[in-house]
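In: Dropping the sequence and predicted coords here.
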Amino acid sequence: MMKRLILPIILLFLFILESIFVDVLPASFIMEDHLLVPHFLFVTIVFISIRGNRNEGMLLGAIYGLMFDIVYTGILGLYLFSFPLIAYVISKLAGILQNHIVIISILSIVSVVILEFFVFGVNSLIGYTTITMNTFIERRLISTAILNGIFVILLSYPLAKLIDKLSVVE
């Protein structure tokens, strides 16, 4: 029973860490006029969906997506919908390609880019943001992909091993 609680507790820690990370390390410290958006929680959900149990990853994605919507955004359902959907699509793609750590790492970075485009698209569609696509790409997408890529590079192997050990087999 305790084994089943470890992944949700790790995700809760990452959920809190993302907020602390934004407060502690402002983007201007690294790149002036750029926005660094940590998606450590989402990357871990993608890893769970690929390396562990896809259904468990999607359920955790929905739960933490809802929490993300409630705490961080003004649009209820955006992350609730996008976390599990993107994790599902990426996990299916990983099944087609190969379940190798390098492929999973690349796909997790791709999933962050997809998530960012999806959120930007919805926010643009409803008029929640007025920045242009070029500004979004230059000031947010690239720096966010680099930040989350560094997270993936540093933690992909230990994260994959932990998920292999803790995930419930389908």
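Out: On my side now, so go ahead.
In: which ones are touching the residue nearest the centre of the chain?
Out: In the chain, the centroid-proximal residue (C-alpha atoms, centre = their mean) is Phe42; its distance is 2.1 Å. Taking C-beta atoms under 8 Å, 6 or more residues apart in numbering, we find Phe42 in contact with 61, 83, 86-87, 111-112, 115. No exception for glycine: its C-beta is placed from N, CA and C like everyone else's.
In: Gly52 and Ile163 touch, don't they?
Out: Yes. With contact defined as C-beta atoms under 8 Å, Gly52 reaches Ile163; the gap is 4.7 Å.
In: Between those two, which contacts overlap?
Out: By C-beta under 8 Å, 6+ apart, Gly52 and Ile163 have these common neighbours: Leu7.
In: From Ser49, how far off is the residue nearest to Val122 when sequence neighbours are not counted?
Out: Nearest non-adjacent residue to Val122, counting by C-beta to C-beta, 6 or more residues apart in numbering: Leu78, 5.9 Å away. Taking C-beta to C-beta, to the nearest Å as the measure, Leu78 and Ser49 are separated by 19 Å.
In: Who has more neighbours out of these two?
Out: Between Leu78 and Ser49, counted using other C-beta atoms under 10 Å, the more crowded position is Ser49 (32 against 20).
In: Please, which helix or strand holds that one?
Out: Using DSSP states H and E, Ser49 sits in helix 40-51.
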